[in-house]
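Q: here is my input; please provide its structure:
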Amino acid sequence: MPLRILVVASETKDQRAERRRYADTASHESYAIALKVLRDDLEIDSISCVDGGSQMSLRDLGRFDGIVFPGSPIQMHHDSDETRRAASFMRLVFDSGTPSFGSCAGLQIAAVAAGGTTGPRQPGIEAALARNIMTTDDGRGHPMLAGRPPVWTAPAMHSSVVTALPPMARVLARNADTPVEAAEIRHGNGVFWGVQYHPEISLAEVAASLRRQASDLVDEGLAASIKAVEDHADKLQALSDDPSRRDLAWQLGVDDQVTDTANRMREIGNFLAALDGDTLRR
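A: Presented below is the predicted three-dimensional model:
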C-alpha cells in the first residue's frame, strides 16, 4: 500500500504567489515534486498551517503515514499570527503521533513548537550552499543521515537558525556558523527529523533564489555586485541542467552529494524508508 504523505505549507498566500513567480512553484509544490522523484507511488496531500491548518483534527493527521514541512520565509522568532498558527499546528502533529520531517523553516517550526528557540543567523545569510556540514556524535549512525559522508555540502538559503533545541532533542549535524544543521526532536507522542538545509531543492531553484535576493547578498558582502550574483546563479543553473559538467562542479566546489539527486535528497529518502519500516511511531 503506498505511503500517504501530508505536505504542510507555511508560506502565506502572497508568498506562495511570489515564489511561483520567480521559481515556478510554491515551496510545498516543489517539495511534492521532489517526493515524487524519490517515490512515484506516494499519495500526497497538502495544507497550509498558516491559513487553514487548524481545520485538521488529530484523527485527520493520524491517517497519514508521514507529515512534511517545507521551507518558507516565516521567522519563528517573531511573534505573529502566522508563527503562532504554525507552532500550534506542529504541536497538533506531535500530539497525533504521526512521524514528521522538515527542511529549513520546517525544522525551526518544530523546534519552537516543542519548546526551543530560533534567532537570526550570525554572520548572516547562508546562501546557495551549506558547506562543511559535519555529523555530531549523536548523528553518527543515526538513520536519517545513513549514507552521508562525515562531511558534506547541501543546498541552503536561510537567515535564521535554531538557537536552542527543546528537551528530548538531539543535534545530529552542524557546521561552523549554523549550530543545528540536522536534528531529531521527540515531543509528546511524535518524532520529528529535520535539517536546516534544503535536500529537496534543485540547483535551478537555488539559482532562482539567488537572483531574487541579489541585492541582499551584495549588502551582506557575499558578492561584489548584482552581476556577480547573476554569474554565480548562471553556473548553478548550468550545472542543474547538466550534472555531468565536472568543470562547473569544480568551480562551484561541489561533488555528487549535491549533483546526484538521490544523494542530495538522502535524508528525505531515509525518512520515507523509516515510514516503510514503521520505526518512527512511538
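
Q: could you use CA atoms for every contact and neighbour count after this?
A: Will do.

Q: and the helices in the protein, which stretches?
A: 13-23, 27-38, 58-62, 81-96, 105-113, 203-212, 214-219, 226-241, 246-252, 256-259, 261-264, 266-277 (DSSP state H).

Q: in JSON lines: those helices, plus distance to residue 193.
A: Listed next are the helices of the chain as JSON lines, based on distance: least, Cα to Cα, whole Å:
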{"stretch": "helix 13-23", "distance to residue 193": "24"}
{"stretch": "helix 27-38", "distance to residue 193": "16"}
{"stretch": "helix 58-62", "distance to residue 193": "17"}
{"stretch": "helix 81-96", "distance to residue 193": "12"}
{"stretch": "helix 105-113", "distance to residue 193": "8"}
{"stretch": "helix 203-212", "distance to residue 193": "23"}
{"stretch": "helix 214-219", "distance to residue 193": "30"}
{"stretch": "helix 226-241", "distance to residue 193": "27"}
{"stretch": "helix 246-252", "distance to residue 193": "29"}
{"stretch": "helix 256-259", "distance to residue 193": "19"}
{"stretch": "helix 261-264", "distance to residue 193": "16"}
{"stretch": "helix 266-277", "distance to residue 193": "8"}
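
Q: out of the ones you listed, deepest packed?
A: helix 105-113 (a mean of 29; mean count of other Cα atoms under 10 Å).

Q: so what's the gap between stretch 253-267 and the chain middle?
A: Mean-position distance between stretch 253-267 and its chain equals 15 Å (Cα atoms, centre = their mean, to the nearest Å).

Q: ok, residues contacting it?
A: 38, 144-148, 152-155, 199-200, 239-240, 243, 249, 269 (Cα atoms under 8 Å, 6 or more residues apart in numbering).

Q: the residue nearest to residue 249 when sequence neighbours are not counted: neighbouring residues, count only.
A: Leaving aside its sequence neighbours, residue 249 sits nearest to residue 255 (Cα to Cα, 6 or more residues apart in numbering; 6.4 Å). Using other Cα atoms under 10 Å, residue 255 has 15 neighbouring residues.

Q: pLDDT value on residue 255, please?
A: With respect to pLDDT, residue 255 scores 98.

Q: so for residue 179, which of the helices of the chain sits nearest?
A: helix 105-113 (12.5 Å; Cα to Cα).

Q: what's the average pLDDT for that closest one?
A: 98.

Q: can I get the CA coordinates of that helix in CSV?
A: In CSV, the C-alpha atoms belonging to helix 105-113 read as follows (Å, rounded to 0.1, in the frame of the first residue of the first chain):
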residue,chain,number,x,y,z
ALA,A,105,11.7,26.7,8.3
GLY,A,106,10.2,23.3,8.9
LEU,A,107,13.0,22.5,11.4
GLN,A,108,12.5,25.9,13.1
ILE,A,109,8.7,25.4,13.4
ALA,A,110,9.2,22.0,15.1
ALA,A,111,11.8,23.4,17.4
VAL,A,112,9.7,26.3,18.6
ALA,A,113,6.6,24.1,18.9
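
Q: what's in contact with that helix?
A: Here helix 105-113 makes contact (Cα under 8 Å, 6+ apart) with 68-76, 83, 86-88, 90-91, 101-102, 117-118, 161-162, 165-166, 183, 185, 192-196.

Q: ok, 7 Å please
A: Helix 105-113 has contacts (Cα atoms under 7 Å, 6 or more residues apart in numbering) with 69-72, 74, 76, 86-88, 90-91, 117-118, 162, 165-166, 194-196.

Q: same check on stretch 228-247?
A: Residues outside stretch 228-247 that contact it (Cα under 7 Å, 6+ apart) are 202-204, 207, 210-211, 214, 223, 248, 259.

Q: pick the one among those residues closest to residue 278.
A: Among the contacts of stretch 228-247, residue 202 lies closest to residue 278 (Cα to Cα), at 28.6 Å.

Q: from residue 71, how far off is that closest one?
A: Note on residue 202: its distance to residue 71, by Cα to Cα, to the nearest Å, is 14 Å.

Q: neighbour count: the two, which is higher?
A: Remark: of residue 202 and residue 71, residue 71 carries more neighbours, 28 against 22, as counted by other Cα under 10 Å.
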